[in-house]
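generate a structure from the sequence data that follows.
(chains A and B)
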Amino acid sequence: MADTAAVSHGQGTVTGLSNNKLLMWVFLGSECLLFGGLISTYLIYRSRFGDGPGPGDVFDIPFTSVSSFVLLMSSLTMVLALSALQRGDIRNNRVWLLTTALLGSLFIGGQVYEFTTFVREGLTYSTSPFSSAFFTLTGFHGVHVSLGILMLMSLLISSLRGTLTKERSETVEIVGLYWHFVDVVWIFIFTVIYLVPSPTS
Amino acid sequence: MSTETEAPVEAPEPSGDEIHDAHDHPTDRKYVQVAIVLALVTALEVATYFVEMPGEVLIPALMVMMVFKFFYVAAWFMHLRFDSPLFTKFFVTGLVLATAVYGVALTVFEFWTKG
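Predicted structure coming up:
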């Protein structure tokens, strides 16, 4: 057990770094390519909405701004969860993990509401190349947030079972890296897709 | 001549009262300060939506704020500022590759000229 913990913290590895953490960073680097492709596709198709509503017709900037703020604050609570566990403060670690999961769920709730509103306004997945690119991009991001919430909940269950201790704080750090990445991707999406002026029909 | 004074001392980097433990991670207070800065920049971004601005000013301003937030989160919340440079290299490699590949793709589709 001790050897496993040592290797996970980078002792005894060729690089002197944690292999798990290194793998997560490589994964996040590859994720840049995935989201880069989805964002580029959206930018290419954002003016192709035919007779359907254009992005400037449907986007609700004040609502999305609140969602963005919620996701940004979830990054703060995530890092506070890690900080608490590194101090051995199990109780606060649980509180912050739960808060992060709740903020993530609030963001997803907002996205579901936004999608529902768009469909009511006549913008479905197959309405136009713009709508397909938009739903694919934001949907993929939503799936990433949802997976992050599942990871947070599994950490919380692990903590309640008593297996998430200060010695295993790297697990929280790695989930945190994923969570912050999802946040930085949204920082990009919010600016490029929502705030940069969009064409209207 | 005392040998005690000749012992090499490895100064932790960065140092200061923001850093507190063996992982050289910032304090909770510093994290809150970072979040406040991010919230203020987000408020500025959103404010541009309600203010009439020419595209030549608005888009570069939004891009600067976005890039600032992106790297601020990566540096402080993702600890790239304190961790091994190898992690930064892996992440930046993906980022640069994506920017180059999709920059070319957008150019091919005449995005910059036709929008």
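
for the worst-scoring helix or strand of chain B on mean pLDDT, which positions count as buried?
Sorting the helices and strands of chain B by mean pLDDT, DSSP states H and E puts helix B:111-114 at the bottom, at a mean of 85. By 16 or more other CB atoms under 10 Å in any protein chain shown, the buried positions in helix B:111-114 come out as B:Phe111. (C-beta placed from N, C-alpha, C; glycine too.)

ok, residues contacting it?
Taking contacts as CB atoms under 8 Å, 6 or more residues apart in numbering or on different chains, the residues outside helix B:111-114 that touch it are A:Leu43, A:Ile44, B:Leu106.

mind redoing it with 6 Å?
Contacts to helix B:111-114, defined as CB atoms under 6 Å, 6 or more residues apart in numbering or on different chains, come from residues A:Leu43.

gap between it and the chain center?
When distances are taken as CA atoms, centre = their mean, to the nearest Å, helix B:111-114 is centred 28 Å away from the chain's centroid.

and that helix, C-alpha only, in CSV?
Included here for helix B:111-114 are C-alpha records, laid out as CSV according to Å, rounded to 0.1, in the frame of the first residue of the first chain:
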residue,chain,number,x,y,z
PHE,B,111,-13.4,32.3,-41.9
TRP,B,112,-11.2,35.3,-41.4
THR,B,113,-12.4,37.1,-44.5
LYS,B,114,-16.0,35.9,-44.9
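
show me the helices in the chain, by range?
Because you didn't say which chain, this covers chain A. Using DSSP state H, the helices of chain A run over A:2-8, A:19-45, A:55-58, A:61-86, A:90-120, A:129-160, A:169-189.

my bad, the chain I had in mind was chain B
B:28-50, B:55-72, B:85-108, B:111-114.

got those as CSV, with distance to A:Asp60 columns?
Conversion of the helices of chain B to CSV gives the following (distance: least, CB to CB, whole Å):
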stretch, distance to A:Asp60
helix B:28-50, 11
helix B:55-72, 18
helix B:85-108, 27
helix B:111-114, 25
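
as JSON lines, the helices of chain A with mean neighbour count and distance to B:Ser84 would be great.
Below are those laid out as JSON lines (neighbours: other CB atoms under 10 Å in any protein chain shown; distance: least, CB to CB, whole Å):
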{"stretch": "helix A:2-8", "mean neighbour count": "12", "distance to B:Ser84": "15"}
{"stretch": "helix A:19-45", "mean neighbour count": "19", "distance to B:Ser84": "9"}
{"stretch": "helix A:55-58", "mean neighbour count": "18", "distance to B:Ser84": "41"}
{"stretch": "helix A:61-86", "mean neighbour count": "22", "distance to B:Ser84": "17"}
{"stretch": "helix A:90-120", "mean neighbour count": "18", "distance to B:Ser84": "24"}
{"stretch": "helix A:129-160", "mean neighbour count": "18", "distance to B:Ser84": "23"}
{"stretch": "helix A:169-189", "mean neighbour count": "23", "distance to B:Ser84": "13"}
